[in-house]
Each structure stands twice: as structure tokens, then as C-alpha cells.
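**Student:** Got a predicted structure plus its sequence, pasted below:
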Amino acid sequence: MTSAARSVTVTPAASLEADCLRLLLQAAGVPVVADADEHTTAVVLALPRSIDLAAPASAIRMPPTGRVPLLLVADAVDSKALALARGLRASGVVSWCSPTDVLVSAVRTVSEGGRVPRRSGRNVNPDPLTQLTSRERDVAALLALGEQDDGIGDRLGITPATVHSHMQHVLVKLDAPHRHAAAVMARQSPLLSQRLREWRTRDQVTAG
């Protein structure tokens, strides 16, 4: 089978999540096309964080895909994501927190007509952020709150270059394919729950 016959498309077209996933798949050697066509063997729906997973499946805007298998990538493989997958007749759901090889394997499995087994939205380690240093946890917490490198540096009193270095260590230690996945893991981390509350409280005091 030629590579063109194994191409996949990632939707929605204009979203940070989809752009990150396209780059990840292309780096792994998975052919990605902009629009589903006769050669497309899978559609990957990169669900943004802002989406309401409790909404009916009919509310999710999908490109015309015919009978092409569908894979959902969500913040977590929970009851809402699984219910949405059933409504869309998807071949599986995988978490953004999954290691890179798991994400790529899921796409390839669906592309080849298989189904993806249910996977937990968390790592086997109950809290993978235990691997991080205290400063790396601060960086991860602020990332989870939506800060960029400049903002993280300002709040921690370090340079953006130092933030970038910490961020690279965070991604490697968590085996996170991109910053979005690391942010999801930080929001789900029991270890960071107190830090997240503290930063949110500081934001509220400052805003007040």
C-alpha cells in the first residue's frame, strides 16, 4: 500500500491542538493531508480544551468524511469523551497526555481499520509530575494556567531562556508530545493542585 493510501487528516483545520498534532504525526512519518479525500484512511478529531464534551455529537462540526474511520484525541479518556465517541461512531479515543508513541500508534491503528482500546487519561504513574523539580513544577503550574514563556519568567523572576530550558525538561520528563499535553497533565496532577490554587488566588488578589 502506498503512503498516499495511508494518509490521514486532522481536524478542525484552524486550531492550536490540530496544528501540534499534525507536526507530531509528520515527525513520526505519518502522511497528513489538509482535507479528507479518496486516499484518506482516517480522520483525527483534535478536541480543543474549550469544547463542551457533554454537548450532543451532532453539535460537533465535522468535515464530510464518508465512512472514513474517526479517532478522537481529548484531554482525558473519561465518560464524556467515551459518550461523544459513541455518538460519532469513532473507532477510539486517546488522551493528549499519552506518550508520543501511543498517540502515533492509535492513529495508525485506526488508519488501518482497527479500533483503539480504552486508555486511561493518566500515566501508569499515579502522578508523573513527581519527577519534576520544584522549579519545574512552578513552570508546569503556570503553563497549566495559560501563561507563555515571557509571563512565566516575569512571575518567577527568571529569564524566558531559563523558562524555555525548564520547559524542555518538563516535556522530556513527562514524555509529553507538546506543551498542551504537559498543561493537561499539570491540571490533572494532585501534586500541583495546591500550587494551582495559590497562583489562582494571587491572580484574583491582583485583579481585585
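**Tutor:** Perfect, thanks for sending it.

**Student:** show me what contacts the spatially most central residue of the chain?
**Tutor:** Closest to where the C-alpha atoms of the chain average out (Cα atoms, centre = their mean) is residue 96, at 2.9 Å. By Cβ atoms under 8 Å, 6 or more residues apart in numbering, the contact list for residue 96 reads 17, 73, 74, 75, 177, 180, 181, 184. Using the backbone N, CA and C atoms, a C-beta is placed for each residue, glycine as well.

**Student:** Could you identify the helix or strand that succeeds the helix or strand encompassing the last one?
**Tutor:** Meaning residue 184. Element membership for residue 184 (DSSP states H and E) is helix 179-188. Per DSSP H and E, the first helix or strand lying C-terminal to helix 179-188 is helix 193-207.

**Student:** Return the alpha-carbon coordinates of that next one using CSV.
**Tutor:** Provided in CSV are the C-alpha atoms of helix 193-207 (Å, rounded to 0.1, in the frame of the first residue of the first chain):
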residue,chain,number,x,y,z
SER,A,193,-3.4,21.2,43.0
GLN,A,194,-2.3,23.4,45.9
ARG,A,195,0.1,25.4,43.7
LEU,A,196,-2.6,26.0,41.1
ARG,A,197,-4.9,27.2,43.8
GLU,A,198,-2.2,29.5,45.2
TRP,A,199,-1.5,31.0,41.7
ARG,A,200,-5.2,31.5,41.0
THR,A,201,-5.6,33.2,44.4
ARG,A,202,-2.7,35.6,43.6
ASP,A,203,-4.3,36.4,40.3
GLN,A,204,-7.7,37.2,41.9
VAL,A,205,-6.0,39.4,44.5
THR,A,206,-4.1,41.2,41.8
ALA,A,207,-7.2,41.6,39.7
